[in-house]
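Asker: coords below, sequence missing:
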């Protein structure tokens, strides 16, 4: 039996009841319709901690005119499905860029705008010459339609010029996530050190308190759209997490102190570095500590790892203590703290001369200590 879309908190409520009741799904939906889903969520999700219930309701959320940097952070969820405005298929020449509020009206803003305008102009000017070059190098096959060929060549040109786009370039992101992921996302955004991300978190919280846009229903001639707020209970509980707000600042201060002693605070001490480097397997404790320090410093991972390997067990655990001592009753560890290991290919993380270490993640429902 296929069920038509319902408000996410109510659909999760209905399916949760369905698993605990002999009633049919139709009877469960009717029962939920006549009872308060807010009371259910408060009791079972927030008080009892039955987090898996929130995986049963999904939402579509779109973020428009946010920076590329914000989009990257927004998508940084273990369980996330979505699409961003494609820099391979769309022309960003007419797009604007995000200007941090801290520099508005200052001399720095003028310098900032000048740099971004220069990058945008180079991006625009290179497109046509690249189209000509690629068309000459790779002529259209006879079997390919001209329109398809032009789209392919344009995409290849954008694939080159998009590396000129700064992280301040504005983009759009659409996501389909469970309300469990949505709650974690809101908490993470509200706890961010970046003002833009905190503002997005507040906007997301407000959006969850309002009925969603039902444009499709209007186009289909529905007399009334969805009148229920999107996820009001989650929005009411959403707030910044003190641990997430402070952990990376604490780690940055600690890293500055310990890496200064090894001379890694000065780039001239790093020696030759590779743009992309494969890191050989090493002891998990060394990997935990090196990854935590790498997250908040500029030094290459391999150089940090060399220093960490020379430390005593006590010194290594001191770094882990900085990362975990403020967690209190929360089990949300920093994303760079390894708990359950999932190895993936080690690639460049985007900062020249550094390597991307193994990906580690803390199970979202884990309760065991490190």
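Answerer: Sure thing, it's come through. Small disclaimer: the values here were computed from a predicted structure and weren't measured.
Asker: And the strands in the stretch 251-370 of the chain?
Answerer: 340-341, 360-361 (DSSP state E, counting those that start in this stretch).
Asker: Next, residue 248: secondary structure please.
Answerer: helix (DSSP: H, G, I helix; E, B strand; the rest coil).
Asker: Can you name the residues that contact the nearest residue to it once chain neighbours are set aside?
Answerer: Spatial nearest neighbour of residue 248, excluding adjacent residues (CB to CB, 6 or more residues apart in numbering): residue 296 at 5.8 Å. In this view, the C-beta of every residue, glycine as well, is placed from N, C-alpha and C. Neighbouring residues of residue 296 by CB atoms under 8 Å, 6 or more residues apart in numbering: 248, 251-252, 255.
Asker: Check the gap between residue 296 and residue 247 for me.
Answerer: Distance of residue 296 to residue 247, computed by CB to CB, to the nearest Å: 10 Å.
Asker: Overlap in contacts, these two.
Answerer: The contact sets of residue 296 and residue 247 do not overlap (CB under 8 Å, 6+ apart).
Asker: The closest residue to residue 7 other than its chain neighbours: what's it in contact with?
Answerer: Nearest residue to residue 7, sequence neighbours excluded (CB to CB, 6+ apart): residue 228, at 4.3 Å. Applying CB under 8 Å, 6+ apart to residue 228 gives the contacts 7, 10, 211.
Asker: same thing with residue 190?
Answerer: Going by CB under 8 Å, 6+ apart, the list of residues near residue 190 reads 198, 201-202, 205, 238-241.
Asker: one more time with 7 Å, if that's ok
Answerer: Residue 190 makes contact with 198, 201, 238-240, according to CB atoms under 7 Å, 6 or more residues apart in numbering.
Asker: What subset of the residues you listed is buried?
Answerer: Listed as buried from the contacts of residue 190 are 198, 201, 238, 240; burial here means 16 or more other CB atoms under 10 Å.
Asker: mind listing what the last one touches?
Answerer: If I follow you right, that is residue 240. 190-191.
Asker: mind checking how far it is from residue 90?
Answerer: Relative to residue 90, residue 240 is positioned 34 Å away (CB to CB).
Asker: what does the second one give?
Answerer: For residue 201, the distance to residue 90 under the criterion CB to CB works out to 26 Å.
Asker: where does residue 20 land on pLDDT?
Answerer: The model reports residue 20 with a pLDDT of 82.
Asker: That one: neighbour count?
Answerer: For residue 20, the neighbour count with other CB atoms under 10 Å is 8.
Asker: from now on call the first residue 2
Answerer: In the new numbering, first residue 2, that becomes residue 21.
Asker: quick one: it and residue 41, what's the gap?
Answerer: 11 Å.
Asker: hang on, the earlier thing: relative to residue 210, how far out is the residue nearest to residue 8?
Answerer: Distance from residue 229 to residue 210, by CB to CB: 11 Å.
Asker: Understood, closing this out.
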